[in-house]
Every structure is written in C-alpha cells, then in structure tokens.
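Colleague: have a look at this fold, sequence not included:
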C-alpha cells in the first residue's frame, strides 16, 4: 500500500461508519499515514464529535439513526468547505447518488468496497498534504465540459486511477466539480466519462498553457482496476478509435 509523506500530526479525521470492520480498516489505513482518527457508528454521535480537532469527515450514507447526507447538511450549517472537508463512503454507485452528496455539501465520494490506496490518496489530498503517487497513462484526447456556459478548449494529457491532468484555455476554481465528455477515452477504455464527476485539485499556468489536475469522484472498483492495468502496461490513449492494445486491456477487465 502506498504511504503519504510529511503529514502533520495536527490533522484529524472522523470516520462515521456503522460497520465495525469497515471502520477498522479505514482507521488503520489513515492512522498509519500519520493522521489522528476519531470514530462514530451513528450520525448523531458523529455530529457531536466534530470539534476543532477534526478537519475531515468520512461518512457512510446508510447510518442507523439518520443518513449521511442529512449529517452533511447539518455540518455545512456550522462549517464551511474551507474549514471542514466531507467525503462520502457508500456502496451506492449511481451518478444521482454521487451528485446528491455533492449538492448537500460533500467534497468527494468513495465507492465500496474501499480501495486502500484510493482512500489514502483522497484523504491526504483533501487535507492539502503530499499524496501517494500513481502510475500515469499518457493521453492526447480532446474533451468538452458539460453543464456549463463556459466552453474552454480542453485536452486530456494524462490520467491514472485517481484522476486526470487536463490542458485548458481557461482557469478552473480549485474544489469545483464538473463533468466532461471525452469520446476518445470513452471509446478506448469503455468508461462513460460523461457520467464521471471530477473535482479540481489544482490549477496552474505553465508557459502559455493552463493545466488542471482533477480527481475522479465516485469511480467504481471496476474502472479503477481498468485504469490501473492501463498504467501498468504504459498504454498511450489518443482520439484514434479501436487501439488494439487498449481494446485488449478492456477485454481482459
């Protein structure tokens, strides 16, 4: 499992999860990375546990007393996104569920079963710390932003199981969520990118270009593993369809 580096002991994470085994696994991964961890099995207990020592809440949607989305609404009345990050953890995979969690104030979304590397990467990045590194796949695919009046020129230049690097003609706000239509990637690896939510993690001008780093929000285990296999093989993805090696990777998925 990858490990984070340079994590201050001052950052605290609260896990609100009623399944004891899942809670234990998450606690072990996060505490081994250097974060302080608190636990709660009920939404009501989780709400009471958020104090000045908690900077991120990992919350399950289906809790025994009231659901995680309700908890997020209550937390957002008290804490801004700058002060407290909220990441949902759920077995629900539908894009409507992901979007609803973002609409009530969530920052990110992890789909169960939990991939330990993805969990650690998201926790460290949400808290602004050095994150575990994944192998990247080179890409040269044009993309278009959806559900927006702004239509910048976009090109995906690389991606991994955790997110993308996008060359853009316009700046994006860090923390913003968006969706892309990228026919080249959809054709190559059969991942419906027009349904995938992205969260902007950085926006940087290099020379005359703007580069946007984004994380996938709520990507299923199937597609995480598919992207991981592409990274291992070093496949280059372009707008050209029916790449033989890429199709072979997908057939094996």
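Modeller: It's in. In this text, all values refer to a predicted model and were calculated from it rather than measured experimentally. Residues are numbered from 1 along each chain as shown.
Colleague: in the stretch 51-200 of the chain, which spans are helices?
Modeller: 68-78, 95-103, 116-126, 183-189 (DSSP state H, counting those that start in this stretch).
Colleague: and the strands in the stretch 151-253 of the chain?
Modeller: 154-159, 163-168, 177-181, 197-206, 209-217, 237-238 (DSSP state E, counting those that start in this stretch).
Colleague: dump the ones you listed to CSV, plus distance to residue 124, mean neighbour count and mean pLDDT.
Modeller: C-beta: built from backbone N, CA, C; applies to glycine. CSV is the format used below for those (distance: least, C-beta to C-beta, whole Å; neighbours: other C-beta atoms under 10 Å; pLDDT from 0 to 100):
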stretch, distance to residue 124, mean neighbour count, mean pLDDT
strand 154-159, 19, 21, 93
strand 163-168, 13, 22, 94
strand 177-181, 19, 19, 92
strand 197-206, 11, 16, 94
strand 209-217, 11, 21, 95
strand 237-238, 26, 19, 85
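Colleague: can you list the ones you listed in JSON lines and add distance to residue 31?
Modeller: What follows is these, written out as JSON lines (distance: least, C-beta to C-beta, whole Å):
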{"stretch": "strand 154-159", "distance to residue 31": "30"}
{"stretch": "strand 163-168", "distance to residue 31": "24"}
{"stretch": "strand 177-181", "distance to residue 31": "29"}
{"stretch": "strand 197-206", "distance to residue 31": "23"}
{"stretch": "strand 209-217", "distance to residue 31": "22"}
{"stretch": "strand 237-238", "distance to residue 31": "37"}
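Colleague: quick one: which of those strands is nearest residue 144?
Modeller: Nearest to residue 144 among the strands of the stretch 151-253 of the chain is strand 177-181 (4.9 Å), distances taken as C-beta to C-beta.
Colleague: could you list the low-pLDDT ranges of this protein?
Modeller: 1-9, 234-235, 240-253 (pLDDT under 70).
Colleague: show me how it divides into domains.
Modeller: 12-126, 137-252 (automatic domain parsing).
Colleague: with respect to residue 146, which of the strands of the stretch 151-253 of the chain lies nearest?
Modeller: Nearest to residue 146, of those and by C-beta to C-beta, is strand 177-181 at 4.4 Å.
Colleague: the closest one - contacts with which helices or strands?
Modeller: Under the contact criterion of 3 or more C-beta pairs under 8 Å, 6 or more residues apart in numbering; DSSP states H and E, strand 177-181 touches strand 137-146, strand 197-206.
Colleague: residue 202 bridge partners, please.
Modeller: residue 213 (DSSP bridges).
Colleague: before we move on, what about the one 4 residues further on?
Modeller: Listed by DSSP bridges, the beta-bridge partners for residue 206 are residue 209.
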